[in-house]
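Colleague: Pasting the sequence and the predicted coordinates here, then a few questions.
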Amino acid sequence: MSTLSKTEPVACSACDLLQVVPPLLPSSKALCPRCGHVLASGSTQTPSRALSLTIAAGITYLVAQSSPLLALSAAGRSSSTTILGGAAQMWNDGHQLTAVLVALCTVVAPAIYIAFMLTVLLAVRNPPAPPLTGTLLRIAEAVRPWSMSEVMLLGILVALIKIAQIADVVPGVGIYAVGVLMVLLALIPSSLDTRRLWERIEWDDPAADLERARENES
Amino acid sequence: MSDAIVIAHATGESAAQAGLLACRTCGLLSRANRATVSAKCPRCGARISAHLDRSHQSTWAFIIAAAICYIPANTLPVMVTKTVGGTHPDTILGGVVRLYETGSWPLAVIVLVASVMIPLGKLAALGHLAVSVRRRAVVHAHDRARLYRIVEAIGRWSMLDVFITTFVVALVQLGPLMTVKPGAGVFFFMAVVILTMLASHSFDPRSIWAERDERETALE
């Protein structure tokens, strides 16, 4: 298992400039001097803080998905909805593709992100983690932009105000859970130095890993 | 959060100038010739392309598809309200006007920004970025890099209207009294959001700086 030495340069992912990132204190970040892109952030310590945040996010996610977001009553009729209920109604109204994509952004993407990050963070506790961990981390990073709990929360609040003009709306537990989930999901990546995670994962191509280790020694 | 900001120490050349390729997923630097053979990052297994894409063909495809969908997204209704008094379709702009008229102008502004200004701004910004890379521009690279960061950060917020529609439709199911149904516009609107997000993901921001780096190498 080869590890990057602290003085080894990294390339900025936004402008390709090679540079050396100095050791970072917790809650500090390093910027690329050329383009201003955030190269690395967060703590250089073990990822236990991120692990506890991810566990909390997992529990909050289950609450947010299972409790009603809003309930409405008017003229003796009442209705309430959950997140998945919103997508289901969209499906029943004949907009299947829209329903699927809404469910992807609000149900599936956050679930994949939380589950995969949980697995990755548990696996890297005993380095080197098997290459499958790397695949999970890669997928988790790729789905993160599609997990939209903060946009959904604003959407729910606007919907609440719109409906409040015609009927009585009662916010449910789910709405608060989505708020907490939004905060937790934003804190996970900022409490992590992804480069450090990659250093604890075994390479996808073991031959290249060995070759590199030999080069480092000579 | 009061984050301390550290500026990294530049080495003065880009990875490409040093004959290295950086993986966009895990950041590992591979020797360019090696990576050309396997086309896979040896550490994380992500695909790495040996050549920087400057034609941005897929970016253009997504931009054009999004621009086409933008028209029905704005002309077709996103929500149809059925009451005893009749049927009332609402387009995106109609919804904004209605929010404004009912007195919640701050909300009207939020929806206007998320649903109209952000998608249009994104299309214009990505078009500008792709054109300037193609023309091998070297000027205003800092501004273009900042523009790309803004596009990446705010793009997702235009999904707002889709979520508003989803939850209004899910709740306002009061039988004959009042029922709200989604309109065809909501599908096209969502297509615009997703296509512009794909367009900005497919754009490689390193291409903004590649021309500068190459001219620098040529001078040396």
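Modeller: Cool, got the structure.

Colleague: low-scoring stretches of chain B, by residue?
Modeller: B:1-3, B:33-38, B:50-51 (pLDDT under 70).

Colleague: And A:Ser73, which helix or strand is it part of?
Modeller: Assigned by DSSP states H and E, A:Ser73 belongs to strand A:70-74.

Colleague: May I have the strands that pair with that strand, each with its orientation?
Modeller: strand A:77-81 (antiparallel), strand A:168-171 (antiparallel) (DSSP bridges).

Colleague: Can you tell me which of those strands is most buried?
Modeller: Most buried of the strands paired with strand A:70-74 by mean neighbour count (mean count of other C-beta atoms under 10 Å in any protein chain shown) is strand A:77-81; its value is a mean of 18. Any C-beta I mention is one placed from the backbone N, CA and C, and that applies to glycine too.

Colleague: Let me see the residues that make contact with it.
Modeller: A:68-72, A:89, A:172, B:167, B:170-175, B:177 (C-beta atoms under 8 Å, 6 or more residues apart in numbering or on different chains).

Colleague: got a list of what the residue nearest the centre of chain B touches?
Modeller: The centre of chain B sits closest to B:Met197, judged by C-alpha atoms, centre = their mean, with a distance of 3.3 Å. By C-beta under 8 Å, 6+ apart, the residues touching B:Met197 are A:145, B:155-156.

Colleague: Try it again at 6 Å.
Modeller: Contact analysis of B:Met197 by C-beta atoms under 6 Å, 6 or more residues apart in numbering or on different chains lists B:Gly155.

Colleague: Please identify which helix or strand holds it.
Modeller: Residue-wise, B:Met197 maps onto helix B:185-202 under DSSP H and E.

Colleague: which SS class is the nearest residue to B:Ala46 once chain neighbours are set aside?
Modeller: Distance criterion C-beta to C-beta, 6 or more residues apart in numbering or on different chains; nearest residue to B:Ala46, sequence neighbours excluded, is B:Thr25 at 3.9 Å. Three-state call for B:Thr25 (DSSP: H, G, I helix; E, B strand; the rest coil): coil.

Colleague: what about B:Ala4, neighbour count?
Modeller: 11 (other C-beta atoms under 10 Å in any protein chain shown).

Colleague: quick one: it and chain A, what's the gap?
Modeller: From B:Ala4 across to chain A, the span is 4 Å (C-beta to the nearest C-beta, to the nearest Å).

Colleague: Can you give me the neighbour number for the residue lying closest to that residue once chain neighbours are set aside?
Modeller: Excluding its sequence neighbours, the residue lying closest to B:Ala4 (C-beta to C-beta, 6+ apart) is A:Ser28, at 3.6 Å. A:Ser28 has 18 neighbours, counted by other C-beta under 10 Å.

Colleague: Next: A:Val20.
Modeller: Neighbours of A:Val20 under the rule other C-beta under 10 Å: 14.

Colleague: Next, the nearest residue to it once chain neighbours are set aside: phi, psi?
Modeller: Counting by C-beta to C-beta, 6+ apart, A:Val20 lies nearest to B:His9, which is 4.7 Å off, once chain neighbours are set aside. When read as degrees, to the nearest 10, the backbone of B:His9 gives phi -90, psi 120.

Colleague: My guess is B:His9 contacts A:Leu18. True?
Modeller: No: contact criterion C-beta atoms under 6 Å: B:His9 and A:Leu18 do not qualify, at 10.0 Å.

Colleague: These two: who's more crowded?
Modeller: A:Leu18 (22 against 14).

Colleague: check contacts around the residue of chain B found nearest chain A.
Modeller: For chain B, the residue closest to chain A is B:Phe163, as judged by C-beta to the nearest C-beta, at 2.6 Å. Neighbour list for B:Phe163: A:152, A:155 [criterion: C-beta under 6 Å, 6+ apart].

Colleague: That one - that's part of a helix, no?
Modeller: Yes: looking at B:Phe163 with three-state DSSP, it is inside a helix.

Colleague: Since that was my last question, I'll sign off now.
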